[in-house]
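>>> Please work out how this folds:
(2 chains)
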Amino acid sequence: EAQVTQNPRYLITVTGKKLTVTCSQNMNHEYMSWYRQDPGLGLRQIYYSMNVEVTDKGDVPEGYKVSRKEKRNFPLILESPSPNQTSLYFCASSSDGYYEQYFGPGTRLTVT
Amino acid sequence: QKEVEQNSGPLSVPEGAIASLNCTYSDRVSQSFFWYRQYSGKSPELIMSIYSNGDKEDGRFTAQLNKASQYVSLLIRDSQPSDSATYLCAVDASGGSYIPTFGRGTSLIVHP
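From the prediction side, this is the model:
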């Protein structure tokens, strides 16, 4: 089954404690991205990757890091989380940045 | 900064009626347009994509695109309570950017 998986699905952590949210896709897609979704603000892109070792900033990259060492994986790293990073996070993949995206199930992060 | 505007709603329609969802976008060079459905707490799911002016039909859904007016719409015929969700309009990455832009979504409520 073609899918995008994310882990963990739910995470409660404290300010400053580094965390990683994993994302994996099995569709051999070149393009992967991370979004956060907040009430009233919609989906905002954090980072995207056009291929292995190629990443670039989206609209809201501050406080986040990513890496793309393998085509199927695109982890999101919060090195020092803060409460304003409490949000619902989605990973997505696409055959191309210009085409439809397939979203993972989401990770609800709470930073206290 | 590209913008995608949607009425936040909620749009309330009776079961069996036609629901009409609208979206305007600011970037004239945009080429690809998408409608995603998102149930509360779930990830966005692609419903329709449209690339050229006119109508595109898929089952009960019809997407309409008017590039001259920078307007894209989604019609849902024979609306069902299971159609109750938030509908996100998305516009492709264009003009050298690989960042697609999402509207904030329209909440649709289909009441029995």
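>>> Okay, now the unreliable bits of the chain?
Let's take chain A. Where chain A drops to pLDDT under 70, the residues are A:97-98.
>>> think we crossed wires, I meant chain B
Filtered on pLDDT under 70, chain B yields the residue ranges B:1, B:93-98.
>>> Go again with 90.
Regions of chain B meeting the criterion pLDDT under 90 cover residues B:1-3, B:8-9, B:27-32, B:41, B:92-101.
>>> Next to chain A, which bits of it? Give me the list.
For chain B, the residues in contact with chain A (CB under 8 Å from any CB of the partner chain) are B:31-32, B:34, B:41-46, B:49, B:88, B:90, B:92-94, B:98-100, B:102-105. For every residue, glycine as well, the C-beta is placed using N, CA and C.
>>> Show me which of those residues are buried.
In the residues of chain B next to chain A, burial by neighbour count holds for B:32, B:34, B:43-44, B:46, B:49, B:88, B:90, B:92-94, B:98-100, B:102-105, counting by 16 or more other CB atoms under 10 Å in any protein chain shown.
>>> Tell me which entries of the residues of chain B next to chain A lie within strands.
B:34, B:45-46, B:49, B:88, B:90, B:102 (DSSP state E).
>>> Let me see the contact set for B:Ala19.
B:11, B:13, B:75-76, B:79, B:83, B:108, B:110 (CB atoms under 8 Å, 6 or more residues apart in numbering or on different chains).
>>> want to throw the residues you listed into CSV with secondary structure?
Output for the contacts of B:Ala19, formatted as CSV (DSSP: H, G, I helix; E, B strand; the rest coil):
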residue, secondary structure
B:Leu11, strand
B:Val13, strand
B:Leu75, strand
B:Ile76, strand
B:Ser79, coil
B:Asp83, helix
B:Leu108, strand
B:Val110, strand
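>>> Would you tell me which one of those residues comes nearest to chain A?
B:Leu108 (15.8 Å; CB to the nearest CB).
>>> Was I right to think the closest one contacts B:Asp83?
Yes. Counting by CB atoms under 8 Å, B:Leu108 touches B:Asp83, with 6.3 Å between them.
>>> check which helix or strand covers the residue nearest the centre of chain A.
Geometric centre of chain A, nearest residue: A:Trp34, 3.0 Å, by CA atoms, centre = their mean. Using DSSP states H and E, A:Trp34 maps to strand A:31-38.
>>> In the sheet, which strands lie alongside whichever helix or strand comes after that strand, parallel or antiparallel?
Later in the chain than strand A:31-38, the nearest helix or strand by DSSP H and E is strand A:42-51. Strand A:42-51 sits in its sheet next to strand A:31-38 (antiparallel), strand A:54-57 (antiparallel), going by DSSP bridges.
>>> quick one: contacts of strand A:42-51?
A:30-38, A:55-61, A:64, A:66, A:68, A:71, A:74, A:76, A:89-90, A:97, B:44, B:88, B:98-100, B:102-105.
>>> OK, contacts around the residue nearest to the centre of chain A?
Contacts of A:Trp34 (CB under 8 Å, 6+ apart): A:23, A:45-48, A:58, A:64, A:66, A:74, A:76, A:89-92.
>>> Could you export those residues as TSV, including neighbour count and secondary structure?
Shown next, in TSV, are the contacts of A:Trp34 (neighbours: other CB atoms under 10 Å in any protein chain shown; DSSP: H, G, I helix; E, B strand; the rest coil):
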residue	neighbour count	secondary structure
A:Cys23	24	strand
A:Gln45	22	strand
A:Ile46	23	strand
A:Tyr47	24	strand
A:Tyr48	27	strand
A:Gly58	21	coil
A:Tyr64	20	coil
A:Val66	21	strand
A:Phe74	30	coil
A:Leu76	22	strand
A:Tyr89	22	strand
A:Phe90	25	strand
A:Cys91	29	strand
A:Ala92	25	strand
